[in-house]
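K.L.:
Just to be clear, the model below is a prediction. Sequence and coordinates:
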Amino acid sequence: MSSVAYYRAEAARCRELAAKSQDADAIKRWLQMSSEYELLAESMGALPQVGEPSPQVQRMPMQQQEIQQQQAQAGEADNEADNNEANHKE
């Protein structure tokens with residue numbers, strides 16, 4: 001399935017879910033998503049096809065800074081634990 005077909009299928013799925021929903025807010029969100037998928041399909045249709053597989057899930061790489069901050073926090077916690085053990089042994 002090409003990207004255009006994928007996005008059109010997702011738009012149709014969102015419209016189906018909107019039709020089945022009883023919640024007015026949910027209906028509004030499903031229809032908004034349907035419109036956005038249609039716009040994506042139209043924009044993809046304007047691009048030349050390169051034979052890439054359909055995007056099933058888009059993954060965004062984590063920023064390196066967040067990883068470094070997590071590692072620094074983990075290192076500080078380890079140092080604190082080591083210091084507490086040393087103080088209890090004395």
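P.N.:
Happy to help now that I have it.

K.L.:
contacts, neighbours, all on C-alpha from now
P.N.:
Noted.

K.L.:
SS state for A18?
P.N.:
Here A18 is helix, with the state taken from DSSP: H, G, I helix; E, B strand; the rest coil.

K.L.:
May I have the phi/psi pair for D23?
P.N.:
Dihedral pair for D23: phi -90, psi 120, per degrees, to the nearest 10.

K.L.:
quick one: it from A41, how far?
P.N.:
D23 sits 27 Å away from A41, going by C-alpha to C-alpha, to the nearest Å.

K.L.:
what's the answer for S2, then?
P.N.:
10 Å.

K.L.:
between those two, who's got more neighbours?
P.N.:
A41 (21 against 17; other C-alpha atoms under 10 Å).

K.L.:
what domains does the record give for this structure?
P.N.:
Domains of the chain are assigned by automatic domain parsing as 1-46, 62-90.

K.L.:
which one of those has the lowest average pLDDT?
P.N.:
If you rank the domains of the chain by mean pLDDT, domain 62-90 sits at the bottom with a mean of 62.

K.L.:
got the residue ranges for the strands in this structure?
P.N.:
Using DSSP state E, the chain contains no strands.

K.L.:
Settle this for me: L40 is touching A9, isn't it.
P.N.:
No - using C-alpha atoms under 8 Å, L40 makes no contact with A9, being 11.5 Å away.

K.L.:
Kindly provide the distance from the residue nearest to G45 when sequence neighbours are not counted to S21.
P.N.:
Spatial nearest neighbour of G45, excluding adjacent residues (C-alpha to C-alpha, 6 or more residues apart in numbering): V4 at 6.1 Å. Going from V4 to S21 by C-alpha to C-alpha gives 26 Å.

K.L.:
For these two, indicate the residue with more neighbours.
P.N.:
Neighbours per residue (other C-alpha under 10 Å) separate V4 from S21, with V4 holding more: 22 against 14.

K.L.:
From R29, how far off is the more buried one?
P.N.:
21 Å.

K.L.:
cool, S35 as well?
P.N.:
According to C-alpha to C-alpha, S35 and R29 sit 10 Å apart.
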